[in-house]
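Peer 1: Please work out how this folds:
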Amino acid sequence: MSTSTDRQRRLVWDLPVRLFHGLIVVCFAGAWLSSESERQALLHETLGYTLAGLIVWRLVWGLVGTRHARFGDFVTGPGAVLRYLKNVARRTPEHHVGHNPASALAIVVLLVLGLVLGASGWALQQDVGGEWVEGVHELAANVFLLTAVAHVVGVLLASRMTGENLPRSMVDGLKIAPPEQAIRSSWRSVAALLLAAVLGFWVLQWRDAAASADDGAVASAAPAAGDED
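Peer 2: Residues are numbered from 1 along each chain as shown. As a prediction, this is how the structure comes out:
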């Protein structure tokens, strides 16, 4: 039997995980919107590499992070996913302190697709693989988008059925949980390092691009000066 203590909102999601979610949304949305513009190629490349780097970080954090961030806490087999979806269809989804099985499946798919996007994007930049790599890149992006939309719809549906605001929990880190399943720290220092790494990479990308543009301008101006002589 649940008690009023069990129904209290407690810290479940650490700050690095919440920051990761927000940055992934920004990076994918920005990369998607800039994908067809040659003028925004640097933005697309920067956000794409950032997304891939974030996913590599999440894989590590899924092994060494806080309780509910670890893959062992939420990754399940297909049976658990089907059972959860059946309960959703009956409008009686069970409550999970961490990710529910359907969300866990979506997260795994998104992580894999993010790595495919990063690898295929790098190959395209290096002119490796040709058209088939471009096809893989575009397919991965489309499936990533569809999976992300399905994940958001599922989260909103679960929120409505359970009465718990799940999007809010990914902002403040709090969910309904018994005391023994709460985490003690939000790990702000790790979140700060993660954000600093992302911002530092962006600065380096723009600085290198500006330096390349200056070198190109000097190189193009040199022959013109020689012609005047």
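
Peer 1: Find the centremost residue of this protein, please.
Peer 2: By CA atoms, centre = their mean, the chain has its centre lying nearest to Ile24, at 3.2 Å.

Peer 1: and it, what does it touch?
Peer 2: With contact taken as CB atoms under 8 Å, 6 or more residues apart in numbering, Ile24 is in contact with 51, 54-55, 110, 114. C-betas here are computed from N, CA, C, even on glycine.

Peer 1: In helices only, show me those.
Peer 2: Members of the contacts of Ile24 lying in helices (criterion: DSSP state H): 51, 54-55, 110, 114.

Peer 1: right, and out of these, which lies closest to Val75?
Peer 2: The closest of the ones in helices among the contacts of Ile24 to Val75 turns out to be Leu110 (CB to CB; 12.9 Å).

Peer 1: quick one: the strands in this structure?
Peer 2: Secondary structure of the chain by DSSP state E: the strands cover 9-11, 174-176.

Peer 1: And the pLDDT for Arg92?
Peer 2: I think there's a mix-up here, since residue 92 is Thr and not Arg. At Thr92, the pLDDT value in this model is 88.

Peer 1: what separates it from Leu85, distance-wise?
Peer 2: According to CB to CB, to the nearest Å, Thr92 and Leu85 sit 12 Å apart.

Peer 1: When the two are compared, which one has more neighbours?
Peer 2: It is Leu85, of Thr92 and Leu85, that has more neighbours when counted by other CB atoms under 10 Å, with 16 against 10.

Peer 1: For the closest residue to that one other than its chain neighbours, grab the count of nearby residues.
Peer 2: Of all residues not flanking Leu85 in the chain, Ala102 sits nearest, at 6.1 Å (CB to CB, 6 or more residues apart in numbering). A count of nearby residues for Ala102, using other CB under 10 Å, gives 23.
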